[in-house]
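Colleague: Got a sequence here, can you model it:
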Amino acid sequence: MNPYETDELVTQYMAFHYGDSYFEVENYPAKCAQHCLQLMANEVGVATEKALDLGCAVGRTTFELARGFDEVIGVDLSHRFVECAVQLKEKGSLEYSTITEGQLLTPCNAELTELHLDQQRSKVRFYQDDACDLSDHHQQYNLIFAGNLLDRLQDPKQFLNSIHNYLMVDGILVMSSPYTLLEEYTPRENWLGGYTENGKVVSVLDGIKEALAPHFVMINEPIDVPFVIRETQRKFQHTIAELSSWKRIK
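Modeller: Numbers count the residues shown, from 1 in each chain. This next block holds a predicted model:
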């Protein structure tokens, strides 16, 4: 079973996107969206008509991007995640529970009005889709954001080799990932980096650069963006993703 369809992961990601922040680490989906919007503001002549949030999970970054875009599409492979995002779009709120300890739960409620996102509901849409095999209606985006997606793909190089097809020339691609290379998601032969080859260290960023080189240039040095995912009242995941930004040149 896909772990991203389980009650445990749905709960964790609802809290990750819409719940409290911990250890003075800012909300990650919102922080990534802020970075994207600032990039667009800095790129003279790049329109903000249409954005794609790939691996949108339960939708926070999609809503946040709609602060600066006319239309934002959120896509995720998980039916459960997309279902949560759609309910938030339609109703503006969604109840969920976090694990306190064992079988003890704490009821929670995600409210878009409290996050000043209620006005963005009309500008977003959500679909269940495969990032490596997108439907034909995904075309001519001004921005594509792929958050914590690369290290969960079967073939990330195939994804990178084709992503330009969905982005306008001069459009912006932003990706974040902690590069947690796991063979349960990505076969070793498909890793972008994280190994040595002919005595040379190959990082994931090296692999990204090579795969994107025909169509993209990096427009900023990568930055670290930390995030915290709450598992229980006393257990948390503290991770640091690398966020890189690219412009399509042809």
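Colleague: Report the mean confidence score over the longest helix seen in the chain.
Modeller: For the chain, the helix with the greatest residue count under DSSP state H is helix 28-42. On average, the pLDDT along helix 28-42 is 96.
Colleague: what's around Glu90, how many residues?
Modeller: 9 (other CB atoms under 10 Å). Bear in mind the C-beta positions are built from the backbone N, C-alpha and C, glycine included.
Colleague: quick one: it from Gln119, how far?
Modeller: 15 Å (CB to CB, to the nearest Å).
Colleague: ok, so what distance separates the residue nearest the centre of the chain from Thr106?
Modeller: Centroid check for the chain by CA atoms, centre = their mean gives Gly147 as the closest residue, at 2.2 Å. Distance from Gly147 to Thr106, counting by CB to CB: 26 Å.
Colleague: Just the C-alpha atoms of the next helix-or-strand element following the longest helix of the chain, please, in PDB.
Modeller: Per DSSP states H and E, the first helix or strand lying C-terminal to helix 28-42 is strand 50-54. Output in PDB follows, covering the C-alpha atoms of strand 50-54 (Å, rounded to 0.1, in the frame of the first residue of the first chain):
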ATOM      1  CA  LYS A  50      -0.500  30.100 -14.000                       C
ATOM      2  CA  ALA A  51       1.500  27.900 -11.600                       C
ATOM      3  CA  LEU A  52       1.700  24.200 -11.000                       C
ATOM      4  CA  ASP A  53       2.400  22.700  -7.600                       C
ATOM      5  CA  LEU A  54       3.700  19.100  -8.200                       C
END
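Colleague: Direction included, what does strand 50-54 pair against?
Modeller: Pairing partners of strand 50-54, with direction, according to DSSP bridges: strand 71-76 (parallel), strand 141-147 (parallel).
Colleague: outside of the next helix or strand after that strand, which residues touch it?
Modeller: Using DSSP H and E, the helix or strand that follows strand 50-54 in sequence is helix 60-65. Residues from elsewhere that reach helix 60-65 (CB atoms under 8 Å, 6 or more residues apart in numbering): 17-18, 27, 29-30, 32-34, 36-37, 51, 53, 56, 72-74, 85, 88, 112, 115, 117, 120-121, 124, 126, 143, 145, 147.
Colleague: Using PDB, write out the CA atom coordinates for helix 60-65.
Modeller: This file holds the C-alpha atoms of helix 60-65, laid out as PDB (Å, rounded to 0.1, in the frame of the first residue of the first chain):
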ATOM      1  CA  ARG A  60      -0.900  24.500   1.600                       C
ATOM      2  CA  THR A  61       1.700  25.600  -1.000                       C
ATOM      3  CA  THR A  62      -1.000  25.600  -3.700                       C
ATOM      4  CA  PHE A  63      -3.100  28.000  -1.700                       C
ATOM      5  CA  GLU A  64      -0.100  30.100  -0.800                       C
ATOM      6  CA  LEU A  65       1.000  30.500  -4.400                       C
END
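Colleague: pLDDT averaged over that helix - what is it?
Modeller: Helix 60-65 comes out with an average pLDDT of 98.
Colleague: Confirm that Arg67 lies within a helix, as I assumed.
Modeller: No. Counting by DSSP: H, G, I helix; E, B strand; the rest coil, one finds Arg67 to be coil, located in no helix.
Colleague: Give me the neighbour count for the residue lying closest to Gln87 once chain neighbours are set aside.
Modeller: Nearest residue to Gln87, sequence neighbours excluded (CB to CB, 6 or more residues apart in numbering): Leu94, at 5.1 Å. Residues within reach of Leu94, counting by other CB under 10 Å, total 22.
Colleague: if we can go back for a sec, could you pull up the contacting residues of the residue nearest to the centre of the chain?
Modeller: Contacts of Gly147 by CB under 8 Å, 6+ apart are 29, 32, 53-57, 61, 175-176.
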